[in-house]
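Student: Fold the stuff below for me.
(2 chains)
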Amino acid sequence: MRTLPLMLALSLAAPMAAQDMAAKPAEKKAAAKPAPKKMDATVGQALDGTYQWVVGQFMGAADAMPEDKFGFAPTNGEFKGVKTYAQQVKHVAAINYFLGSIILGEKPPVEIGNPEMGPDNLKTKAEILKFMKDSFAYSTKAIRSLTAANATKEVKNPFMDGMLTLAGIANLLSFHGMDHYGQMVVYLRMNGIIPPASRPRPAGH
Amino acid sequence: MTRPLALAFLSAAAAFAQAPAKPAEPAAKPAPPAPTFATSLDHSLAGVESEVVPAVEALGEEKFGFAPTAGEFKGVKTFAQQAKHIAAVNIMLAAAILEEKPAMDPGSGENGPDSVKTKAEVVKYLKDSYAYLHKAFGTLSERNVLGLVKSPWGDGKTSRLSLATIGVSHGFDHYGQIAVYLRMNGIVPPASRR
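Tutor: Okay, here's the model as predicted:
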């Protein structure tokens, strides 16, 4: 993975700009605008700032594996039953839809199959990448919908007993993607490919 | 001791200690407190910690210097460096959220202090970093969560909420790598044994 300071400087730049822009009008109208309104405008943006770091790295890694290696899974070690590269991507995409739909309070807009594996009918790299990109667009929309008013609203935990807040679901979207991204970068390197986010940048960039 | 058995012992001890002279009126169960940004984000962090720490503990000390070699692995972090890196970032995020000088040494590079060497030292460093980050998360509220603080990287500012979500997600990036390193060494990650 690219060194964290540079990655984070890049990923934080956008939300910071958005927050700065949001803050200026609020300062001008400080007397007229109560503080919670200001939070309403930026909770989704702040969460999305981190999330786009996840989206960018994950999509770059998924695209970096050649189609003929999409069925790759390691075998040298204790790897019985682990997901193939394609299954990692389809699983994250299906979970993106599944969790995004919970935040938005609706049914997933597409068929996601068993969220553990995603739809069986998606086979080619192009099909899987399209499903992935569309899923990230949907989960991004869901995260951006969060406000100070609804971020701490509780819903039933979809994976175990208990409740989760919508902000907790947003975090789950982020860290679940990164869990599988972390596995995918090792799979890429096993196949002689440096993950795009870890490649040296050309001078001047 | 198995968990249910341990809980039974604890409950019995508590009941004995609190036994009243007369049977107590059944007290109404207090409603759980409403979730806040602090409890919500801390719950996510606890989930990450509950997978990362046992995974780090699962590898034998003699393998802590392991990094894959078959493939394009030049310059990647060893197993120990993955754990120390998570900890170092936790420390920098906690200090930034709290707007204070780091209470623990994050080291001068990406991978924590060179003085943290043995498995016991690495695990303690990691656990302590999570305790520090939990402390920082505990200070988050509706009033300050979107407040801008100095970014630990670069000269810019960012919100406490952004830093908190990085604290949750960054650990899982490296957890994914740690999980594969474990499997390469014949070990199923503890969280995958459930």
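Student: going forward, measure contacts between C-alpha atoms and count neighbours the same way
Tutor: OK.
Student: longest helix of the chain?
Tutor: Went with chain A since none was named. When chain A is scanned for its longest helix (criterion: DSSP state H), the result is helix A:35-64.
Student: other chain: chain B
Tutor: helix B:160-184.
Student: Which parts of chain B are helices?
Tutor: B:3-17, B:37-57, B:79-98, B:119-137, B:160-184.
Student: Could you say which one of the ones you listed comes nearest to residue A:94?
Tutor: helix B:160-184 (18.4 Å; CA to CA).
Student: Just want the angle from the closest one to helix B:79-98.
Tutor: Calculated by axes from the mean of the first three to the mean of the last three CA atoms, to 10 degrees, helix B:160-184 forms an angle of 170 degrees with helix B:79-98.
Student: Could you list every helix and strand in contact with helix B:160-184?
Tutor: helix A:35-64, helix A:166-190, helix B:37-57, helix B:79-98 (3 or more CA pairs under 8 Å, 6 or more residues apart in numbering or on different chains; DSSP states H and E).
Student: With mean neighbour count as new columns, can the helices of chain B be given to me in TSV?
Tutor: Formatted as TSV, the helices of chain B follow (neighbours: other CA atoms under 10 Å in any protein chain shown):
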stretch	mean neighbour count
helix B:3-17	11
helix B:37-57	20
helix B:79-98	26
helix B:119-137	20
helix B:160-184	26
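Student: Tell me the gap between the longest helix of chain B and the middle of its chain.
Tutor: Helix B:160-184 has its C-alpha centroid displaced from the chain centroid by 10 Å (CA atoms, centre = their mean, to the nearest Å).
Student: what does stretch A:119-133 give?
Tutor: 17 Å.
Student: what about it, average pLDDT?
Tutor: For stretch A:119-133, mean pLDDT rounds to 97.
Student: I'd say residue B:132 and residue B:91 touch.
Tutor: Yes. Between residue B:132 and residue B:91 there is a contact under CA atoms under 8 Å: 6.8 Å.
Student: so what's in contact with these two at the same time?
Tutor: Counting by CA atoms under 8 Å, 6 or more residues apart in numbering or on different chains, the shared contacts of residue B:132 and residue B:91 are residue B:103.
Student: for residue A:108, helix, strand, or coil?
Tutor: Here residue A:108 is recorded as coil under DSSP: H, G, I helix; E, B strand; the rest coil.
Student: residue contacts, it?
Tutor: Residue A:108 neighbours (CA under 8 Å, 6+ apart): A:97, A:98, A:100, A:101.
Student: let's go with 10 Å and repeat that
Tutor: Applying CA atoms under 10 Å, 6 or more residues apart in numbering or on different chains to residue A:108 gives the contacts A:94, A:96, A:97, A:98, A:99, A:100, A:101, A:102, A:135, A:138.
Student: I'd like to know how far it sits from residue A:140.
Tutor: Distance, residue A:108 to residue A:140, by CA to CA, to the nearest Å: 14 Å.
Student: What is the end-to-end distance of stretch B:105-119?
Tutor: Stretch B:105-119 has an end-to-end distance of 17 Å (CA to CA).
Student: for that stretch, what is the average pLDDT?
Tutor: 96.
Student: Likewise for stretch B:43-53?
Tutor: Regarding stretch B:43-53, the rounded mean pLDDT is 96.
Student: Let's see that stretch as CSV, backbone CA atoms only.
Tutor: Output of stretch B:43-53 as CSV, limited to C-alpha atoms (Å, rounded to 0.1, in the frame of the first residue of the first chain):
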residue,chain,number,x,y,z
HIS,B,43,-18.4,0.2,18.9
SER,B,44,-16.9,0.0,15.4
LEU,B,45,-13.4,0.4,16.7
ALA,B,46,-14.0,-2.3,19.3
GLY,B,47,-15.0,-4.6,16.5
VAL,B,48,-11.8,-4.0,14.5
GLU,B,49,-9.7,-4.4,17.6
SER,B,50,-11.4,-7.7,18.4
GLU,B,51,-10.2,-9.2,15.1
VAL,B,52,-6.8,-7.4,14.8
VAL,B,53,-5.3,-8.2,18.3
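Student: How far does it sit from its chain's centre?
Tutor: Chain-centre distance of stretch B:43-53: 5 Å, with CA atoms, centre = their mean.
Student: before we move on, what about stretch B:68-81?
Tutor: Distance of stretch B:68-81 from the chain centroid (CA atoms, centre = their mean) equals 23 Å.
Student: Could you do stretch B:135-154 as well?
Tutor: 17 Å.
Student: can you give me the end-to-end distance of that stretch?
Tutor: Using CA to CA, the span of stretch B:135-154 from its first residue to its last is 24 Å.
Student: what comes up buried for it?
Tutor: B:135-138, B:140, B:142, B:144-153 (16 or more other CA atoms under 10 Å in any protein chain shown).
Student: List, out of the residues you listed, those positioned next to chain A.
Tutor: The subset of those within reach of chain A, by CA under 10 Å from any CA of the partner chain, is B:142, B:144, B:145, B:146, B:147, B:148, B:151, B:152, B:153.
Student: Just after the helix or strand hosting residue A:129, pick out the following helix or strand.
Tutor: Taking DSSP states H and E as the definition, residue A:129 sits inside helix A:125-144. Following helix A:125-144 in sequence order, the next helix or strand is strand A:154-156 (DSSP H and E).
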